[in-house]
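K.L.:
Pasting a predicted model and its sequence here:
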Amino acid sequence: MLSRPVRAGAIASAAMSGRRTKLVVLFGGRSAEHDVSRVTASHVLRAVDPERYDVLPIGIDREGAWLAATEARRMLDIGPEALPAALDAEGDPVEPGAALAPTEAGQEVVVLPLLHGPFGEDGTVQGLLELADVAYVGTGVLGSAVSMDKAMAKEVLLAAGIPQPRHVAFHVDSEAAHPLRVRERIDHELGWPVFVKPANLGSSIGVSKVSEPELLDTALTVAASYDEWIIVEEAIVGREVELAVLGNTGSMRVTVPGEIVPGAEFYDYEDKYVTDGAKLLVPADLDPETVRVLQALALRAADTLRVEGMARVDFFVEESGRGPLVNEVNTIPGFTPISMYPKLWQASGLSYGELVDELIRLASERHARRSSRRRTDR
């Protein structure tokens with residue numbers, strides 16, 4: 001059973017008393033992005049100020065068990081430089097309630113979920129943290145769930161009139177998933193080439209570029225091995241541009257845009273996390289009007305999808321015709337030193353360590369705001 005940690009009033013008194021905030025860092029997870037999360041967590045822990053935070057790293061293994069990452073904590077005690085490139089999600093089992101409880105009376109608890117993909121970025125962990133009544137970094141249950149599901153996010157953005165690439169989406173067990181039907185829809189609605197993706201995944205895992213109909217079956221099989229829902233998008237001839245947002249509802253900030261020049265045919269997993277072959281141009285060489293439009297669209301997309309805390313908004317900028325098109329919104333973006341999200345904030349005047357501090361502050365602020373609302377009719 002989840003214990004009931006600190007409430008909003010105690011947050012203020014804890015800050016005034018000078019007690020260190022208990023920072024629970026969740027990493028690993030059950031998704032195909034497990035290893036990406038392990039890398040992200042290592043870099044974030046190096047940036048955490050031990051004078052301000054009592055850090056508790058918790059690894060979640062591929063089966064969903066919560067484990068006390070004792071080796072990671074031991075290395076933190078030695079010094080951040082002792083941390084490996086990727087943390088191990090190994091250790092003794094720990095109950096979530098114990099992990100999320102304050103270590104001492106009145107201590108503030110903030111959770112930093114670094115869980116990319118399903119069972120971490122999709123509202124599931126966020127729901128558990130809401131039940132536990134703890135502050136946590138990032139978007140809430142609804143915004144996380146909708147943003148994670150690319151097909152649903154596109155429907156919501158479409159309803160808000162936000163421009164985006166053409167796409168089709170379908171469940172793997174529906175008649176619409178038959179390769180001949182998918183091929184017909186591509187012929188009539190999208191044209192070739194296309195990108196075939198699992199709807200609920202990130203880091204370009206399971207993504208295929210399909211240039212001719214004969215290769216479609218294989219791409220559909222790969223995507224279906226990761227998710228029940230598949231999305232097929234038109235391939236855009238243009239530039240890949242990303243912006244970072246930061247803040248809570250009503251106070252969201254946006255960075256300058258950055259451009260990705262892929263080292264491969266498209267910005268795939270190897271480019272993002274292994275080879276560092278892609279070039280990240282920050283700021284992007286864009287005219288002031290295009291920058292203004294991108295920033296306005298990034299804020300609109302984030303607001304439409306109920307984003308809070310942080311997100312990276314990805315765009316295509318067509319060489320002619322429709323202008324900037326929203327590709328997707330990532331509520332737990334890559335956070336390694338070569339990732340675009342921290343690079344964009346560094347270019348906008350916020351260092352890696354300051355960015356982590358600000359995310360934790362925003363989590364506390366939102367929790368206090370939400371806790372001030374009446375929860376009964378008495």
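P.N.:
Thanks, I have the structure now.
K.L.:
Going by residue numbers, what spans are helices in the stretch 51-200 of the chain?
P.N.:
Per DSSP state H, counting those that start in this stretch, the stretch 51-200 of the chain carries helices over the ranges 70-78, 96-100, 124-132, 141-148, 150-159, 179-185.
K.L.:
Next secondary structure after the lowest-mean-pLDDT helix or strand in the chain?
P.N.:
For the chain, the helix or strand with the lowest mean confidence is helix 8-17, at a mean of 43 (criterion: mean pLDDT, DSSP states H and E). Remark: after helix 8-17, the chain's next helix or strand is strand 21-28, criterion DSSP states H and E.
K.L.:
Now do that next one: distance to the chain's middle.
P.N.:
16 Å (C-alpha atoms, centre = their mean, to the nearest Å).
K.L.:
Just the buried residues of it, please?
P.N.:
21, 22, 23, 24, 25, 26, 27, 28 (16 or more other C-beta atoms under 10 Å). (C-beta placed from N, C-alpha, C; glycine too.)
K.L.:
And the residues you listed, which is closest to residue 152?
P.N.:
Closest approach to residue 152 among the buried residues of strand 21-28 (C-beta to C-beta): residue 26, at 24.1 Å.
K.L.:
OK, contacts around that closest one?
P.N.:
Applying C-beta atoms under 8 Å, 6 or more residues apart in numbering, we find residue 26 in contact with 58, 60, 111, 112, 113, 114, 115, 120, 125.
K.L.:
Can you give me the neighbour number for the closest residue to it other than its chain neighbours?
P.N.:
Spatial nearest neighbour of residue 26, chain neighbours left out: residue 113 (4.7 Å); criterion: C-beta to C-beta, 6 or more residues apart in numbering. Neighbour count for residue 113, taken as other C-beta atoms under 10 Å: 25.
K.L.:
what's the distance between residue 113 and residue 130?
P.N.:
12 Å (C-beta to C-beta, to the nearest Å).
K.L.:
Sort out for me which of the contacts of residue 26 are in strands.
P.N.:
Among the contacts of residue 26, the members falling in strands (DSSP state E) are 58, 60, 111, 112, 113, 114.
K.L.:
hang on, the fifth one packs against residue 127?
P.N.:
No - checked against C-beta atoms under 8 Å, the pair residue 113 and residue 127 is beyond contact range at 11.5 Å.
K.L.:
what's the distance between residue 237 and residue 54?
P.N.:
From residue 237 over to residue 54 (counting by C-beta to C-beta), the distance is 51 Å.
K.L.:
So between these two, which is more surrounded?
P.N.:
Higher neighbour count among residue 237 and residue 54: residue 54, with 16 against 10, using other C-beta under 10 Å.
K.L.:
residue contacts, that one?
P.N.:
Residue 54 touches 20, 21, 22, 23, 103, 107, counting by C-beta under 8 Å, 6+ apart.
K.L.:
ok, 6 Å please
P.N.:
Contacts for residue 54 (C-beta atoms under 6 Å, 6 or more residues apart in numbering) come out as 20, 22.
K.L.:
who's it bridged to?
P.N.:
residue 22 (DSSP bridges).
K.L.:
Include pLDDT when you put the ones in strands among the contacts of residue 26 into TSV, please.
P.N.:
Output for the ones in strands among the contacts of residue 26, formatted as TSV (pLDDT from 0 to 100):
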residue	pLDDT
58	97
60	96
111	98
112	98
113	97
114	96
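K.L.:
Quickly name whichever of those is closest to residue 340.
P.N.:
residue 114 (16.1 Å).
K.L.:
what sits against that closest one?
P.N.:
27, 37, 40, 41 are the contacts of residue 114 under C-beta under 6 Å, 6+ apart.
K.L.:
same check, this time on residue 259
P.N.:
Residues near residue 259 by C-beta under 6 Å, 6+ apart: 239, 241, 281, 284.
K.L.:
What about those, which one has the most neighbours?
P.N.:
Ranking the contacts of residue 259 using other C-beta under 10 Å puts residue 241 first, with 25 neighbours.
K.L.:
Do I have it right that it meets residue 257?
P.N.:
Yes - taking contacts as C-beta atoms under 6 Å, residue 241 lies within contact range of residue 257: 4.9 Å.
K.L.:
okay, and the common contacts of those two?
P.N.:
Joint contacts of residue 241 and residue 257 (C-beta under 6 Å, 6+ apart) are residue 284.
K.L.:
The nearest residue to residue 158 once chain neighbours are set aside: how many residues sit nearby?
P.N.:
Leaving aside its sequence neighbours, residue 158 sits nearest to residue 164 (C-beta to C-beta, 6+ apart; 7.0 Å). By the criterion of other C-beta under 10 Å, residue 164 has 20 neighbours.
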